Structure formats: structure tokens, C-alpha cells
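1. One predicted model, sequence on top.
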Amino acid sequence: KGSTVIKLYIDNNMATVNGGQVQIDPANPQVAPLLLPPGRTFMPFRFICEKLGGTVSWDEASQQATAVFPAS
């Protein structure tokens, strides 16, 4: 989004955001992108959304995450 560049690496809890190293979730160092059969990649949704300027809310009842980005 815009000029933001995010690089994530499978099984690595560190990401590169605009050239700088950032821990994906300092409260939980086990959070990292995963590759699961049959070729699915799981990415840290909240981290990506927030680094792109959005916010994430979680609805426990529906088990649904919602990302909201400000109008540009």
C-alpha cells in the first residue's frame, strides 16, 4: 500500500518493513508465517494490516476478523 514494503519469511518471527527489522509479535515470539500442506501460506493478518495503516477487530461470536483502512 503506497510506498510501504513488507517482507515476511516462512518460519521467521522477524519481518522487514521499509528496510528495517521488526518482530511480528513482541508479546508472542512464536508468531511467524507458516507453510502448510498442500501449499497454503498462513500470514500474520493483524501485523500486515497494522503496518499498512489499518486496524483489526475480532468478533468472538462469529470468529471473524475485520480490517479497516482509513480513506485516502
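-> In hand now; what should we look at?
2. for the closest residue to Gln30 other than its chain neighbours, phi and psi?
-> Nearest non-adjacent residue to Gln30, counting by Cβ to Cβ, 6 or more residues apart in numbering: Asn13, 7.0 Å away. For glycine as for every other residue, the C-beta is placed from the backbone atoms N, C-alpha and C. Dihedral angles of Asn13 (phi, psi; degrees, to the nearest 10) stand at phi -80, psi 10.
3. Okay, Asn13 and Phe45: tell me how far apart.
-> To Phe45, Asn13 is 15 Å away according to Cβ to Cβ, to the nearest Å.
4. higher neighbour count, these two?
-> Asn13 (18 against 11; other Cβ atoms under 10 Å).
5. Relative to Gly54, how far out is the spatially most distant residue from the centre of the chain?
-> The centre of the chain is farthest from one residue, Ala61, which by Cα atoms, centre = their mean lies 22.2 Å away. Separation of Ala61 from Gly54 (Cβ to Cβ): 22 Å.
6. Check Gln63 too.
-> On the measure of Cβ to Cβ, Gln63 and Gly54 end up 20 Å apart.
7. swap in Pro38?
-> 30 Å.
8. more neighbours, those two?
-> Taking other Cβ under 10 Å, Pro38 and Gly54 do not tie; Gly54 has more neighbours (15 against 4).
9. Enumerate every residue touching the more buried one.
-> 67-70 (Cβ atoms under 8 Å, 6 or more residues apart in numbering).
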